[in-house]
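Chemist: I would like the atomic coordinates for the input below:
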Amino acid sequence: MEFHVITLFPEMLAAMEAGLIGRANQRGLISIRGHDLRPYGIGTYRQVDDTPYGGGSGMVMRPEPIAAAIDAVAAERPGLLCILMTPQGELLDQATVRELAQHRTGLLLIAGRYEGVDERVRAMVDRELSIGEYVLSGGELAAMVVIEAVARLLPGVLGNPESLAQESFGSSRTLEYPQYTRPEEFRGMRVPEILLSGNHARIRAWRETEARRRSERRLPGLIGRREP
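Modeler: Purely as a prediction, here's the structure:
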C-alpha cells in the first residue's frame, strides 16, 4: 500500500524510517513518499500562503499550490484516496482505520500549516480527518499517525498477526487488559497470582474482566460503541 504526503516539511517523514513501519517500508510491504509543496508555490518566491480575506491573524495556505500538488500526484499515481488532515475533520478511530486499510491503492494525505488551508481545498479531497481535539503546528504528525495506524493492519506488517486481535480498540471494543513480565515482584508490586497459575481458561476470563473494568473506569463511553 502506498502512502503519499503533501507537506512543506517532507523531511519530517524520516521519523517513519524506524521501527515496525520502517521495516515494512524496507520489505516493500508499504511505500511512504513525501511531496514537497514548495515547488508548486506561486511566483519567484514560491509563495504558498497569504493573508486571510476579511482580516485576522496568521496566514492561510493558498489553494493553487495544493491543487497543483494533488493533480501532479494523482496523475502519477491514480486512484489514491485524498485526505485533508484538519482539526475540523472526522475524528480518527479504529473503525475508520480499518476502513482506510481496505483502500489498497493508497492514501494521499495533505498536511496543512499556519492558520489552515483555503476553504476551497475541501472541495478537492475525498475525506477530512482529525486525530484529536487539540491544535498542532501542522498536519505532518497527524498524517504519520494515520500511516502508522493503517499500515499495522496490512498483511505481513505485524510479525504476529494474532496480536491485532488482542490490542486495545479491537473487535471487543475494550481497552487492553493489564500486562506483566519478569520479575515476579518489583518494588513491592507482585504479578497477579492467576497469571502464574498456568490455568489458561482462568487467565483468559481474568483478562476479559480486567479489560472491561479498565474500559469502564478510563473510557466509559467506549463499550457499546459501533463495531468496526
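Chemist: Name the residues that touch the longest strand seen in the chain?
Modeler: In the chain, with assignment by DSSP state E, the single longest strand is strand 81-91. By Cβ atoms under 8 Å, 6 or more residues apart in numbering, the list of residues contacting strand 81-91 from outside reads 70, 74, 96, 100, 103, 105-112, 116-117, 121-122, 124-135, 139, 142-143, 146. No exception for glycine: its C-beta is placed from N, CA and C like everyone else's.
Chemist: I figured V121 hits A67, correct?
Modeler: Yes - in this structure, V121 is within contact of A67 by Cβ atoms under 8 Å, at 7.5 Å.
Chemist: Looking at the two, which one has more neighbours?
Modeler: Neighbour comparison, V121 and A67: the larger count goes to V121, with 21 against 16 (by other Cβ atoms under 10 Å).
Chemist: and the gap between that one and R214?
Modeler: Using Cβ to Cβ, to the nearest Å, V121 is found at 40 Å from R214.
Chemist: Please apply the same query to V125.
Modeler: On the measure of Cβ to Cβ, V125 and R214 end up 37 Å apart.
Chemist: ditto for T181
Modeler: Distance, T181 to R214, using Cβ to Cβ: 18 Å.
Chemist: Have a look at those two and say which one is more surrounded.
Modeler: The neighbour count for T181 versus R214, taken as other Cβ under 10 Å, is higher for R214 (17 against 7).
Chemist: With only the CA atoms kept, save the strand or helix carrying the more buried one in CSV.
Modeler: Assessed by DSSP states H and E, R214 sits inside helix 200-218. C-alpha atoms of helix 200-218 as CSV (Å, rounded to 0.1, in the frame of the first residue of the first chain):
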residue,chain,number,x,y,z
HIS,A,200,-5.4,-20.7,30.6
ALA,A,201,-9.1,-20.7,30.9
ARG,A,202,-9.0,-18.8,34.2
ILE,A,203,-6.3,-16.4,32.8
ARG,A,204,-8.5,-15.7,29.8
ALA,A,205,-11.5,-14.9,32.0
TRP,A,206,-9.4,-12.7,34.3
ARG,A,207,-8.1,-10.8,31.3
GLU,A,208,-11.6,-10.2,29.9
THR,A,209,-12.8,-9.0,33.3
GLU,A,210,-9.9,-6.7,33.8
ALA,A,211,-10.2,-5.3,30.2
ARG,A,212,-13.8,-4.4,30.8
ARG,A,213,-13.2,-3.0,34.2
ARG,A,214,-10.4,-0.8,32.9
SER,A,215,-12.5,0.4,30.0
GLU,A,216,-15.4,1.3,32.2
ARG,A,217,-13.1,3.2,34.5
ARG,A,218,-11.0,5.1,32.0
